[in-house]
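> the sequence and its predicted three-dimensional model are supplied below.
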Amino acid sequence: MKKSQRTPYDGIVIAAPVTIPYVRYSIESAQWWIGRALGALVAQAGIKASDIDGLCVSSFTMGSDSGIGLTQHFGLCVRWLDTIPLGGASAIAGLRKAARAVQARDADIVACVAGDTNHVDSFRLTLENFSRFNQDAVYPYGAGGANASFALIARNYMRTFGVTREDVGRIAVAQRANALRNPHALMKAPLTLEQYLAARPISDPIHLFDCVMPCAGAEAFLVMREETAASLGLPAARLLSTIERHNAFADDPMQVRGGWAMDIGELYAMAGVKPDDLDIVQTYDDYPVITMMQFEDLGFCKKGEGAEFVRAHDLTIDGDFPHNTSGGQLSVGQAGAAGAYLGLVEGLRQVLGTAGPTQVSNASLGLASGFGMINYDRGLASGAAIFAGPSR
Amino acid sequence: MQSKNLLELAGAISSGAVRVVDLTFTLSPDFPVIVLPPEFGQAAPVRIQEISRYDGRGPAWYWNNVTFGEHTGTHFDAPIHWFTGKDLPNNAVDTMPAKDMIAPACVIDCSAEAAQDPDFVLTVPLVEAWESKHGRIPARQWVLLRTDWSKKGWRDYSNLRDDGAHTPGPNPAVMKWLVEERGIIGFGTETIGTDAGQAGHFEPPYPAHHFLHGAGRYGLQCLCNLDQLPATGAVIVASPLKIQNGSGSPLRVIALVGSN
Amino acid sequence: MIDPIKPPRRKNPLLRTRLPASPPRPRSRTSHGFTRAAAEGRFMLQRCEACGAFAYPAREACPSCLSPALAFADAPRQGTLLAETTARVPSDVYFRERAPWRIGLVKMVCGPTIVAHLHADCAEGAPVRMSFQLDKGGQAVAFARPEGDTPNMADDRQWREMTADPKFRRVFVTNGRSLIGQEAVVALKAAGAKTVFVGVAEPWRPFAGEDLLRRQEGVEVVTLDAADEKSAADLAADIGGKVDILVNTTEYVRAGGLLDRKGTSIARDEIDQAYLGFINLAQAFGPAMRMRGADGVNNSVAWVNILSVYALANWPAFGAYSASQAACLSLSHCLRAELRPGGIKVMNLFTGPVDIEWFQTVPPPKVAPRAIAQAIVSGLRGGLEEMYVGDVAEEIRQRLAANPKALERELDK
Ligand SMILES: [Zn+2]
């Protein structure tokens, strides 16, 4: 069957990127964190809560709540509602849905929010209850969680393409350098490549600095039409293009590529840009090796050339390929589903020129990607979005 | 007899002037029972199941449920136990005359002979020899065969070989004679059974059972402490449980022994 | 290649005994198809009846054609290890205590990829043979071993967590008067058991084979009348803390059913010996075994019952006996659940008529006591939960699965 032409996102914008600074552990609930993000959205946009007529929520730790419970909880009366349980792909998926909702005028202002708390046992409980396949066929095998699953993928990828830990480590080290400029990053100490290599193994070849630190936090943004933003006087980024894919390349015995590789042509064609045009790139970095895979699958280099690409570029804020400028999940922390939003929200700040200490000069065109749901042996969900600031 | 004589007896028991000898083994699950070919019905061994012991099942008290076959431990055989006594009146433990539960005993010491030969059998001449020393066995008295068998470890006590048990007991002639000529009230042994281990091969088989119960007399077995009894003059108290139509029962057998 | 395990040293009484923990237990209902396979030592995967594709993990529809007809079927065990990792800081108590723990992803020749526990001798890129094993939580897990045998293979640390190998363990065979008990003693000693305690009821009663039993080195004859509450408790007070494997060889077989038997005294004996004896043993030995489920190399690991296959379907010629066996079967499931927190396996070994005096008039085939003893050892080594020994047992199982009513009618003759 022939694929049909997608409708462009003409006049759809994203505004008010909000981050509620993370903490390692929180005794508060996920609802508390989401509530704070909604409050910050309203404050930053200068609107009333009643102006929000669409809500899109992602969280792992809301217990039995979903988006509907939150409307009453926070006194929102919306005419469009979605709850997106796609882990690291939640932000891109939420953005896509919200964009179409406001485009079709099912809603005027959609608040996209992700937030999670982190009690001392939250992480373990999330691992135990992640998915049916995980429960049946992964977790009982050493209970290594995502670390063990990604370790298998990393080991195979690294062996197949001759990638060394040093190659992968460059990504983590560059992100730590970025994080040192982000006052909200949980990781405050510099990281050298030597330290990266000397770290203790967690699940070979995954070592300590390949892993994100689970924490509590929230991220949010608003999606609306251009004229709505204008009427509110809100600076906003234009959405140029998106892709989303689930369970791609199911016949690959092991994952060496994500769903992006399937949709990359469409991503750039719809945006009308080339990879080289991008000023900033925010990948989903739950493990640096997955970021390297994204460099290939998102078209910055060919498959198998990720290591060479990393060696050839400076990934820091002031480098020639500014990447994960806030420090990414590796250095800021992974606040559950908010981890999916981290890159997109930071990317929005970059193209809006509001990133403060992590600002890349003259950033106007950005890409953020998402990846998630290691249901069994591979990450199933992938997505990406390209957006542009007012200066472009 | 006047009451004061009875009270005198009670006083003598209390003071120790009359000794009370316990002729009973402890009733326990591991006490050997009679062995029959396994295809026959078997005597259930003693089972003691705790109901509670000052615990959640009963906080302040200790008690057991106890089950056993009628012929386990130190036990009493009533006439109804054997086919020869099946039609007699009052032949079960619940209907037998209560007065039969107290009677004097003649103790025939064959411990030396039994030590030599596990298949030792008591014969008429041996009893006559005993009588020549201790006098004629009076009617309505117990005859107790002392073999010191009760002092053995349980493997030797049951002494099972591939042709059956080898334990001492009476021969047919002496049983017929004791019952018919001496009119004894019953016959008691230290072994498992009033009959010898090999008595199944006698004619009639199991003569003690055959003649005693056929004549409405009783059996006592698995007795101990017979070495503490005089040859004559001890009074045996043997009152079985009043089991409805019971063929026998474990019981406490005691002997009253006066000073000579 | 792995080093052989060393005989465990005597316990240091100053150290606290490590308590058992369970690996993660939750599974989907469909996934218990693997539990069944593991219990019997079979390797089964779901196979689509419409398109023939194998699938894994457990699914409700075929990922190739969406057919719901996914039946568990025996599958080829061969695969190739694609990648391995060693979990060093698992988030679960059981694995954290046993870390580092090695797992891998195996591509099966029949299609699916399977995350599996790895035998230490498995190498990336090399062929492996896959099995489903019951872990300490009693749940099925995939386990990859090298394709061929390697030295000291059964001593692998992770494999030994899945099995109940008698090697270096202390075994208690409850009834040494039976031929099965006597053969079990010999077989378990030969399998490397450190000590075999063997129970003898009514020790005053001689029995065939007694001399041989008492002469064997490393065999300790103990007094046990399993049907006697106190006897079981007394023995447990003696040896209960050092029983790593209990093999319940209680045997009380009498022909006959209901109408041609008079009264209940034989039935009572059957219940007394088989059922109440089981209860006494469980109450006396179970708690200590459950506590010692993680007690080192010779931790407590298994409880074995020898059951008649007629526990599953009544054989009227031995009708009351069949019923007593059914009662024991039911009780074994209760025991299995109650021993679960200790990670103790309860293995039921089903046999047809055994070549002993009580089945004298039953025509062959009959199971040799030695075959049962060997099955005990192989079942323990394989970590199984259900075993069918001999042709009759296997046939009854199949006929029961095919049509229980046909089996019922045909046993009635
Ligand atoms: Zn199919």
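Here it is on my side, so go on.
> quick check: the residue of the stretch 1-150 of chain A nearest the ion.
residue A:133 (17.9 Å; Cβ to the ion). Any C-beta I mention is one placed from the backbone N, CA and C, and that applies to glycine too.
> what's the neighbour count on that residue?
For residue A:133, the neighbour count with other Cβ atoms under 10 Å in any protein chain shown is 21.
> do the same with residue A:208
Other residues within reach of residue A:208, judged by other Cβ under 10 Å, total 14.
> find the nearest non-adjacent residue to it, please.
Residue nearest to residue A:208 in three dimensions, not counting chain neighbours: residue A:199, with 3.9 Å by Cβ to Cβ, 6 or more residues apart in numbering or on different chains.
> from residue A:205, how far out is that neighbour?
Distance, residue A:199 to residue A:205, using Cβ to Cβ, to the nearest Å: 11 Å.
> neighbour count winner among these two?
Counted by other Cβ under 10 Å, residue A:199 and residue A:205 do not tie: residue A:205 has more neighbours, with 23 against 18.
> that one and residue A:156 touch, don't they?
No - applying Cβ atoms under 8 Å as the test, residue A:205 and residue A:156 come out as separate, 10.2 Å apart.
> all helices of chain A, in order?
Using DSSP state H, the helices of chain A run over A:30-45, A:67-73, A:90-103, A:122-128, A:132-137, A:145-161, A:165-179, A:193-198, A:226-232, A:260-271, A:288-297, A:306-312, A:328-332, A:338-352.
> turn those into a markdown table, including mean pLDDT.
A markdown table is the format used below for the helices of chain A (pLDDT from 0 to 100):
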| stretch | mean pLDDT |
| --- | --- |
| helix A:30-45 | 97 |
| helix A:67-73 | 96 |
| helix A:90-103 | 98 |
| helix A:122-128 | 79 |
| helix A:132-137 | 94 |
| helix A:145-161 | 95 |
| helix A:165-179 | 98 |
| helix A:193-198 | 98 |
| helix A:226-232 | 97 |
| helix A:260-271 | 97 |
| helix A:288-297 | 98 |
| helix A:306-312 | 98 |
| helix A:328-332 | 98 |
| helix A:338-352 | 98 |
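> for residue B:117, which of those helices is the nearest?
The minimum distance between residue B:117 and the helices of chain A falls on helix A:132-137, with 74.9 Å, by Cβ to Cβ.
> is the closest one up against chain C anywhere?
Yes - Helix A:132-137 comes into contact with chain C (Cβ under 8 Å from any Cβ of the partner chain), by way of A:132-133, A:135-137.
> from these, which are also near chain B?
Counting by Cβ under 8 Å from any Cβ, nothing from these sits close to chain B.
> farthest-separated two in these?
Checking the residues of helix A:132-137 next to chain C with Cβ to Cβ, the most distant pair is A:132 and A:137, at 8.9 Å.
> report the central residue of chain C.
residue C:347 (2.5 Å; Cα atoms, centre = their mean).
> next, that one: secondary structure please.
Following DSSP: H, G, I helix; E, B strand; the rest coil, residue C:347 is assigned to strand.
> report the beta-bridge partners for the residue nearest to it when sequence neighbours are not counted.
Distances taken as Cβ to Cβ, 6+ apart put residue C:304 closest to residue C:347, at 4.8 Å, once the chain neighbours are dropped. Residue C:304 has these beta-bridge partners by DSSP bridges: residue C:247, residue C:347.
> and residue C:304, how far is that from residue C:8?
Distance, residue C:304 to residue C:8, by Cβ to Cβ: 21 Å.
> the more surrounded of the two?
Neighbour count, other Cβ under 10 Å: between residue C:304 and residue C:8, residue C:304 has more, with 27 against 16.
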